[in-house]
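Q: Requesting a structural model of the entry that follows:
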Amino acid sequence: MTSAGLQQNNSQSAIELLMTQPTLLENLRKAHMGNYSVVLSLLGCLDHGFQAKKLVDRIIDTSRFIKSIYHKLWVHFTIYPSRPGH
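A: All right, here's what the predicted structure looks like:
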């Protein structure tokens, strides 16, 4: 079996698994959105916990954006190094 065939079988198995277990799909959706059950349960213990989580999420998103800019600049200057006199 080729790697492409193996990937196709794994994808079909994952889809079948998600279709037969809707709670798993919902948990994956929540995890993707950053709503982990442990985090949510801890937020209930904090005053203004959900507002704090939203703030932290915004900070993380901003950090990712800035990191992405730095990466793009690094790639640009690696591929197109400055030449003397330019």
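
Q: name the helices or strands packed onto the helix or strand His76 falls within?
A: Assigned by DSSP states H and E, His76 falls within helix 49-79. Applying 3 or more C-beta pairs under 8 Å, 6 or more residues apart in numbering; DSSP states H and E, one finds that helix 49-79 makes contact with helix 37-43. Where C-beta positions appear, they are placed from N, C-alpha and C, glycine not excepted.

Q: Show me how far the helix it packs on is from its chain's centre.
A: 18 Å (C-alpha atoms, centre = their mean, to the nearest Å).

Q: cool, stretch 44-64 as well?
A: The answer for stretch 44-64 is 16 Å, by C-alpha atoms, centre = their mean.

Q: ok now stretch 56-69, how far from the chain's centre?
A: With C-alpha atoms, centre = their mean, you get 12 Å for stretch 56-69.

Q: avg pLDDT for that stretch?
A: Averaged across stretch 56-69, the pLDDT comes to 86.

Q: residues making contact with it?
A: Gly34 (C-beta atoms under 8 Å, 6 or more residues apart in numbering).
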